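1. Kindly return the folded structure for what I paste below:
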Amino acid sequence: MSQERRFDVRYWAVCVSCVLALLAGCAKKDDGAGGDYSGSWAQVADILARVAPPSFPDRDFNIKDYGAVSDGKTDCKKAMDKAVLACCYAEGGRVVVPAGTYLINGPIHLQSNVNLYLEEGSRIVFGTNYADYLPPALTRWECTRIYNYSPFVYAYRKKNVALTGTGELDGQAGDTWSKWSKRAGKDKDATRRMNREDIPVIDRMFGEGHYLRPSMVQFFGCENVLVEGVKILDSPFWCVHPAFCKNVTVRNITFTAKNPNNDGIDVDSCEDVHIHDVVFDNDDDCIALKSGRGPEGRKLARPTKNVYIHDCVFNAYTTIAIGSEMGGGIFNIFAENCEAKSQIKRAFNIKGNRSRGGEVAHIRYRNMKFLDSREEMLAISTNYGGMGPDELKDFPPYFHDVRWENITASGSCDIALRIAGQEDMPIEDIVLKDITVEKAKKIKEIAYARNIVMQNVVLAGEVQDPNAANLPPDVYAGPDQVVDPNGDGSVLLKGAVADDGPTAKLKYLWSVEKGDSGAVEFDNPQAISTKARFSKDGTYLLKLTTDDGQLKGAHTVTIRVGADPDAEGH
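-> Numbers count the residues shown, from 1 in each chain. Next comes the predicted model:
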């Protein structure tokens, strides 16, 4: 291993060790920004402990050695494919794109243990002949599985796969693919009909003769994914789209993508995701968290969960959007220390409707700075549009357990705060603390919501009443666990709680939220840490509720006993 590469590995290992030690060791409150990792924020250390960028053997496969020419005119598709396969057959390494411009007429399909590395000064330009992106690849298009034109950089069920370096990926979509946004109506309706009618995925065939644009970069069903350092230009559709992935890191990338629907990063039914130091300059949502559309999303029940976002710069529509396609649920999302340096459409937006359903819970944002927004600054709504006339409307979303803290908006907006639930499914358990929005045409709209607690919230110069003296306990029930099949059928539950009142008054209670309660025995259900024993296989959802005498907080943890129900296909 070269001295430089050896230094990189050691440096990364030291950094991770220091961060984990810092987060795990924080038990006291710290007034410094991002300094308090107690209560629910203790989960960040657990997320980082599981998220580790993939490593690769010290072998390089330079695409020029396989026939690539850096003139921007010669098709280098075959050379790229040969380099990727050679790297795969050698059991991994880097496929190196040296300085220069390379035309690739068609998609780059990555393999396990392959790191596509773009050197400084390199630029991959994707060709604009649509047929080159066939045969169709299995994708998730607006959160419905279909076969469509291949994403430009694509990996299907691979392990240890990366896109890194400091070069550029140019989709050349502005005058080509992006024009399809106005022609996709019938095809979009067809995907939604196939979703509703549960048409076999193999029969959901699009591609030639259809007008659904592919994502720029998609990892489908992959594990141990890294996207780092590159710049993404002129994307046809969503820019970076991991779907059904585990252990994903996206860091230090930039965007210049101004075509319709150029979301920056769409995290779709993924778990254990770390996004940081990303600069967004794109057309739509900067980060969108999703988990499947409508009936298919609910049937697959693959949530997006355990996501940590920090130190990003947002220059687009919505900084962090949740939904609206989130039938599998969105859980355990943490974001801090980010800012917008230009006007946005909305700062935060949690959105859903009665046809798409889904649950959103345990959302934590803090230490954010914004300027102006064109619409709402802070929005949580289960009345999002886009419901078709044939869609069932019997699945109201359930949004609860959201905390936004230390948020400032120094500019103006239409509405500072909007919380809009459903009469039969109110939005509940929302905590807003230390929030200032300087100017707003309208201060707030709140309908069909309960347990909304505000402390030091100033909207357009008005302190919101009531200004709560006490906040609910902030609870973390611990990481999901799998019972050791060779053990005694038990797990150790270790909760964490932060509360602004006297901790001596806190009362704890463990209970079974889902699963056979008769098969679970707690050593002490009223202790923050206790053992739980299971006498039957299954998936259990255990809840830790904490009561400070006035208000309650809760969080759930999943325990799997026996066969893993996630071992199915996608």
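
2. Quick one: residues contacting Tyr89.
-> Shown in contact with Tyr89 (C-beta atoms under 8 Å, 6 or more residues apart in numbering): no residues. For the C-beta atoms, the positions are set from N, CA and C on the backbone; glycine is no exception.

3. what's near enough to touch Pro396?
-> By C-beta under 8 Å, 6+ apart, the neighbours of Pro396 are Arg354, Gly357, Thr382, Gln422, Asp424, Met425.

4. Now that we have those residues, can you turn them into CSV and tack on secondary structure, pLDDT and distance to Tyr149?
-> Listed next are these as CSV, based on DSSP: H, G, I helix; E, B strand; the rest coil; pLDDT from 0 to 100; distance: C-beta to C-beta, whole Å:
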residue, secondary structure, pLDDT, distance to Tyr149
Arg354, coil, 92, 32
Gly357, coil, 91, 29
Thr382, coil, 95, 33
Gln422, strand, 95, 37
Asp424, coil, 95, 41
Met425, strand, 96, 38
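
5. all helices for the stretch 251-400 of the chain, in order.
-> Residue ranges of the helices in the stretch 251-400 of the chain, as given by DSSP state H, counting those that start in this stretch, are 294-300.

6. no wait, the chain
-> Using DSSP state H, the helices of the chain run over residues 3-25, 43-50, 77-89, 185-197, 294-300.

7. If you average pLDDT over each of the ones you listed, which is lowest?
-> Among those, helix 3-25 has the lowest mean pLDDT, at a mean of 40.

8. From Val217, how far off is the residue most central in space within the chain?
-> Among the residues of the chain, Val267 comes closest to the average C-alpha position under C-alpha atoms, centre = their mean, at 3.6 Å. The spacing between Val267 and Val217, counted by C-beta to C-beta, to the nearest Å, is 13 Å.

9. ChimeraX command for the buried members of the contacts of Pro396?
-> Of the contacts of Pro396, the buried ones can be selected in ChimeraX as follows, counting by 16 or more other C-beta atoms under 10 Å:
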select :354,357,382,422,425
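
10. which of the contacts of Pro396 lies closest to Ser373?
-> Checking the contacts of Pro396 against Ser373 by C-beta to C-beta gives Thr382 as the nearest, at 20.4 Å.

11. Backbone dihedrals for the closest one, both of them.
-> phi -110, psi 20 (degrees, to the nearest 10).

12. Enumerate every residue touching it.
-> Counting by C-beta under 8 Å, 6+ apart, Thr382 has contacts Lys351, Gly352, Asn353, Arg354, Pro396, Pro397, Phe399, Ala420, Gly421, Gln422, Met425, Ile427.

13. Could you list the low-confidence segments of the chain?
-> Residues of the chain that meet the criterion pLDDT under 70 lie in 1-35, 386-388, 502-503, 564-570.

14. now do 80
-> Residues of the chain that meet the criterion pLDDT under 80 lie in 1-35, 385-392, 501-504, 563-570.

15. And the strands in the stretch 151-300 of the chain?
-> Taking DSSP state E, counting those that start in this stretch as the test, the strands found in the stretch 151-300 of the chain are 153-156, 159-165, 168-170, 217-220, 223-228, 231-233, 240-243, 246-251, 254-256, 265-268, 271-276, 287-290.

16. Of these, give the one that comes closest to Val69.
-> strand 168-170 (16.8 Å).

17. now what about that closest one, what contacts it?
-> 118, 122-126, 152-153, 216-217, 230-234.

18. Which single one of those residues is nearest to Asp523?
-> Using C-beta to C-beta, the contacts of strand 168-170 come closest to Asp523 at Val217, 47.5 Å.

19. so what's that closest one bridging to?
-> Taking DSSP bridges as the rule, Val217 bridges to Val153, Val240.

20. Make CSV from the contacts of Pro396 and add distance to Arg533 to it.
-> Formatted as CSV, these follow (distance: C-beta to C-beta, whole Å):
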residue, distance to Arg533
Arg354, 40
Gly357, 34
Thr382, 38
Gln422, 39
Asp424, 38
Met425, 35
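
21. In the contacts of Pro396, find the pair that's most separated.
-> Gly357 and Asp424 (12.8 Å).

22. how many neighbours does the nearest residue to Ile199 once chain neighbours are set aside have?
-> Spatial nearest neighbour of Ile199, excluding adjacent residues (C-beta to C-beta, 6 or more residues apart in numbering): Arg193 at 7.9 Å. Residues near Arg193, counting by other C-beta atoms under 10 Å, number 14.

23. Hmm, Arg193 is touching Pro389, no?
-> No - Arg193 is beyond contact range of Pro389, at 11.6 Å (criterion: C-beta atoms under 8 Å).

24. Let's have the strands of the stretch 151-300 of the chain in CSV, adding distance to Asp480.
-> Output for the strands of the stretch 151-300 of the chain, formatted as CSV (distance: least, C-beta to C-beta, whole Å):
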stretch, distance to Asp480
strand 153-156, 25
strand 159-165, 21
strand 168-170, 35
strand 217-220, 22
strand 223-228, 16
strand 231-233, 32
strand 240-243, 19
strand 246-251, 12
strand 254-256, 32
strand 265-268, 18
strand 271-276, 9
strand 287-290, 18
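
25. can you tell which of those strands is closest to Tyr448?
-> Going by C-beta to C-beta, the one of those nearest Tyr448 is strand 287-290, 22.9 Å.

26. ok so, going back, so which of the strands of the stretch 151-300 of the chain comes closest to Asp516?
-> The nearest among those, by C-beta to C-beta, is strand 271-276 at 24.7 Å.

27. Run the angle between that closest one and strand 223-228 for me.
-> 10 degrees (axes from the mean of the first three to the mean of the last three C-alpha atoms, to 10 degrees).

28. Tell me which other helices or strands strand 271-276 touches.
-> Under the contact criterion of 3 or more C-beta pairs under 8 Å, 6 or more residues apart in numbering; DSSP states H and E, strand 271-276 touches helix 43-50, strand 246-251, strand 265-268, strand 304-310.

29. again, 7 Å this time
-> helix 43-50, strand 246-251, strand 304-310 (3 or more C-beta pairs under 7 Å, 6 or more residues apart in numbering; DSSP states H and E).

30. how about those, which one is nearest Arg364?
-> helix 43-50 (8.5 Å).

31. distance between that closest one and the chain's centre?
-> Between the centre of helix 43-50 and the centre of its chain there are 15 Å (C-alpha atoms, centre = their mean, to the nearest Å).

32. do stretch 67-83 as well
-> With C-alpha atoms, centre = their mean, you get 33 Å for stretch 67-83.

33. just stretch 217-230 next, same as before
-> From the chain centre to the centre of stretch 217-230 is a distance of 12 Å (C-alpha atoms, centre = their mean).

34. can you check stretch 174-184 too?
-> Here stretch 174-184 is found 26 Å from its chain centre; the criterion is C-alpha atoms, centre = their mean.

35. ok, now stretch 366-373?
-> 20 Å.

36. Could you do stretch 277-286 as well?
-> The chain centre lies 14 Å from the centre of stretch 277-286; the measure is C-alpha atoms, centre = their mean.

37. now swap in stretch 365-378 and tell me
-> 19 Å.

38. just stretch 450-459 next, same as before
-> How far stretch 450-459 lies from its chain's middle: 26 Å, per C-alpha atoms, centre = their mean.

39. list the buried ones in that stretch?
-> Buried, per 16+ other C-beta under 10 Å, within stretch 450-459: Ile452, Val453, Met454, Gln455, Val457, Val458, Leu459.

40. beta partners of the second one?
-> This points to Val453. Assigned bridge partners for Val453, using DSSP bridges, are Val431.

41. Would you mind listing the residues in contact with it?
-> Val431, Ala468, Leu471, Pro472 (C-beta atoms under 7 Å, 6 or more residues apart in numbering).

42. ok, now the first one?
-> Neighbouring residues of Ile452 by C-beta under 7 Å, 6+ apart: Ile419, Ile430, Ile446.

43. Before I go, just wanted to say thanks for your time.
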